[in-house]
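In: Sharing a model prediction with you, sequence too.
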Amino acid sequence: MTALFKAFFAVVVLSASLGARAADLPDFTALAKSQGAAVVNIRAIRHGSPVARLGERDHNEDSLPEFLRRLLPDHPEAPVPDDDHSVGSGFIIDADGYILTNAHVVDRATRVEVRLVDKRTFVAHVLGADPRSDIALIKIEASGLPVVRLGRADALEVGAWVVAIGSPFGFENSVTAGIVSARGRMFPQESYVPFIQTDVAINPGNSGGPLFNLAGEVIGVNSQIYSRNGGFMGVSFAIPIDIAMQIQGQLRAFGEVRRGRIGVAIQALTPPLAAAFGLDTPRGALVGMVEPDSPAQAAGVRTGDVVLRFGDMVVHGADDLPRIVGAVAPGRVQQMQVLRAGVLQELTVTVGQWAPVRQPVRHVAPVGPVPPRLGLELREPSGARRKALGVTWGLEVLAATGPAERARVAAGDVVLASVRAGRQVPMRSLLDLDAAIAGLAGGEALILLVQRGPALSFVAIESAQ
């Protein structure tokens, strides 16, 4: 066999091997096309610092490199409004405008804006938010919207491919993929959610977005990342969709989540503790304390009992009991099985209720009159001023508030023209602007051509919807 033939043979074998490997890899294009339209970008405006979760910091444009700031959506070079704000994601679960997202995305927000893939923007009403599960339900006034397909998180296996769609750093409808790293991850401060751990690239702005299986079904809500620097480090967590849907059902019905409680402090069983309490393996939840005048005390639960079953659910470990009890409607009577001094006992308990965790501010879109000229304060510059600004005509912006500020118009900008039905109308006087505003149909945005320094850009100023 000649050297040339050997080299040719090696290339053929390598090409075939690479082709086989490529064929084995999943293709996410169909999923992205079919489900991407139901994923939304969320912008929450608040008068306080955004909340960080497990090292995740909400997006702040001032902290980004200049080259990234220039790539951000909307008005690329405009400054950030004075109000603190964060970006997140969400997904449509009902064609009439019901959207799931994270509670921390809309926490303390005085205004929540939702942007669809078709670029329509709505002001959303927050129907309810549950910090304990980090789930919020918001609604926009729209109908006929695309919706996601829901799957089952309990059918998910470790090692399975999963896909996230969201808005990292405000870059809308970004698709990332990875695998399921683990299931049932619990955190001490969040014992109501058995998180799905993945290695999908999740960054600030992905929060609240959907996690899909390869069938294009939502199996989780991306919620947290583990990070030492605020960016993705290969460990991210999602809320199982079945838990998220249970929560949203209560938020839709009551505006809050009504969780069951029985009033015990519990701990995990180690092998030595399990042996001491008469168990062959560590299982169940060890009762360390029973609250006075609690449902557990009324049912006869004692310190040292090991809870093995609650209702029809097996308590495998201490992390299971708060989630199982919390899912039971307050007032329901349940049977619980405990091991006491090596003997199984059946107790009857009437489930109590946790005090709901309410957000400090009720998230309702502000209503009221739209500021004059949609928040624009302008003047007609003199000839000398126009020369200094480098324009032949236009209106100089002195201040921008309300809708104009949200559109990222700023003092020092020059409004050159309005745009409607593809036609540009020069703004030579304030009367021209007033005529453009008066000609808008209900809910229609005012489109302006704005100059800032040497740069030109179109902006859309929308009044509150």
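Out: That came through, no problem.

In: From residue 400, how far off is residue 313?
Out: From residue 313 across to residue 400, the span is 56 Å (CB to CB, to the nearest Å). In this view, the C-beta of every residue, glycine as well, is placed from N, C-alpha and C.

In: Please say which of those two ends up with more neighbours.
Out: Using other CB atoms under 10 Å as the criterion, residue 313 and residue 400 rank with residue 400 on top: 26 against 16.

In: hang on, isn't the more buried one packed against residue 411?
Out: Yes. With contact defined as CB atoms under 8 Å, residue 400 reaches residue 411; the gap is 6.7 Å.

In: Could you point out the helix or strand that follows the helix or strand that contains residue 289?
Out: Per DSSP states H and E, residue 289 falls inside strand 285-290. Later in the chain than strand 285-290, the nearest helix or strand by DSSP H and E is helix 295-299.

In: any idea of the mean pLDDT in stretch 396-412?
Out: Mean pLDDT, computed over stretch 396-412, is 89.

In: neighbours around residue 428, how many?
Out: For residue 428, using other CB under 10 Å, the count is 15.

In: gap between it and residue 387?
Out: In terms of CB to CB, residue 428 sits 16 Å off from residue 387.

In: contacting residues for the closest residue to residue 174 other than its chain neighbours?
Out: Spatial nearest neighbour of residue 174, chain neighbours left out: residue 168 (5.4 Å); criterion: CB to CB, 6 or more residues apart in numbering. Going by CB atoms under 8 Å, 6 or more residues apart in numbering, residue 168 touches 174, 176, 201, 202, 203, 204, 205, 206.

In: Quick one: the residues you listed as CSV, columns for secondary structure and neighbour count too.
Out: Shown next, in CSV, are these (DSSP: H, G, I helix; E, B strand; the rest coil; neighbours: other CB atoms under 10 Å):
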residue, secondary structure, neighbour count
174, strand, 21
176, strand, 22
201, coil, 19
202, coil, 32
203, coil, 22
204, coil, 25
205, coil, 26
206, coil, 30
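
In: Which pair in these has the greatest spatial separation?
Out: In the contacts of residue 168, two members sit farther apart than any others by CB to CB. They are 176 and 204, at 13.4 Å.

In: Mind splitting the chain into its structural domains?
Out: The record's domain parsing of the chain by automatic domain parsing lists 31-139, 149-241, 260-353, 372-461.

In: From the chain's centroid, how far away is the third one?
Out: So the one you mean is domain 260-353. Distance of domain 260-353 from its chain centroid, counting by CA atoms, centre = their mean, to the nearest Å, is 34 Å.

In: The domains of the chain: which one's closest to residue 253?
Out: When the domains of the chain are compared by CB to CB, domain 31-139 sits nearest residue 253, at 9.2 Å.

In: Can you tell me how far residue 415 is from residue 385?
Out: Distance from residue 415 to residue 385, by CB to CB: 14 Å.

In: who has more neighbours, the two?
Out: residue 415 (26 against 13).

In: Now for that one: which residues touch it?
Out: 376, 378, 394, 395, 397, 427, 433, 448, 449, 450.

In: which stretches of the protein aren't confidently modelled?
Out: 1-23, 47-85, 187-191, 225-233, 356-371, 464-465 (pLDDT under 70).

In: Name the SS class of residue 273, please.
Out: helix (DSSP: H, G, I helix; E, B strand; the rest coil).

In: let's number from 723 now, not from 1
Out: Taking 723 as the first residue, the last one we looked at is residue 995.

In: Could you tell me how many residues sit around the residue nearest to it when sequence neighbours are not counted?
Out: Excluding the flanking residues, the one nearest residue 995 by CB to CB, 6+ apart is residue 1008, at 6.5 Å. Using other CB under 10 Å, residue 1008 has 24 other residues around it.

In: Can you give me the separation between residue 1141 and residue 907?
Out: Remark: distance between residue 1141 and residue 907 (CB to CB) = 50 Å.

In: Give me the contacts around the host helix or strand of residue 859.
Out: Using DSSP H and E, residue 859 sits within strand 857-861. The contact list for strand 857-861 (CB under 8 Å, 6+ apart) reads 764, 812, 818-825, 827-828, 834, 836, 846-852, 930, 943, 961, 965-966, 969-970, 973-974, 1085.

In: cool, stretch 907-924 as well?
Out: Contact partners of stretch 907-924, identified using CB under 8 Å, 6+ apart, comprise 854-856, 875, 878, 884-886, 888, 890, 898-906, 933, 941-942, 944-947, 954, 956-962, 965, 981, 1041, 1044-1045, 1048.

In: tell me the contacts of the residue nearest to residue 860 when sequence neighbours are not counted?
Out: Using CB to CB, 6+ apart and skipping the chain neighbours, the partner closest in space to residue 860 is residue 846 (4.3 Å). Residues near residue 846 by CB under 8 Å, 6+ apart: 764, 821, 834, 835, 836, 860, 861, 862, 1087.

In: go on, residue 1134?
Out: 1118, 1119, 1174.

In: rerun at 10 Å
Out: 801, 1111, 1118, 1119, 1120, 1122, 1173, 1174, 1175 (CB atoms under 10 Å, 6 or more residues apart in numbering).

In: which of the residues in stretch 1000-1009 are buried?
Out: 1001, 1004, 1005, 1006, 1007, 1008, 1009 (16 or more other CB atoms under 10 Å).

In: and the third one, how far is that from residue 991?
Out: In this case it means residue 1005. 7 Å.

In: okay, and the common contacts of the two?
Out: Common neighbours of residue 1005 and residue 991 (CB under 10 Å, 6+ apart) are 1028, 1039, 1040.

In: and the first one, how many neighbours?
Out: Residue 1028 has 24 neighbours, counted by other CB under 10 Å.

In: now swap in the second one and tell me
Out: Residue 1039 is surrounded by 15 other residues when neighbours are defined as other CB under 10 Å.

In: Alright, that wraps it up for me.
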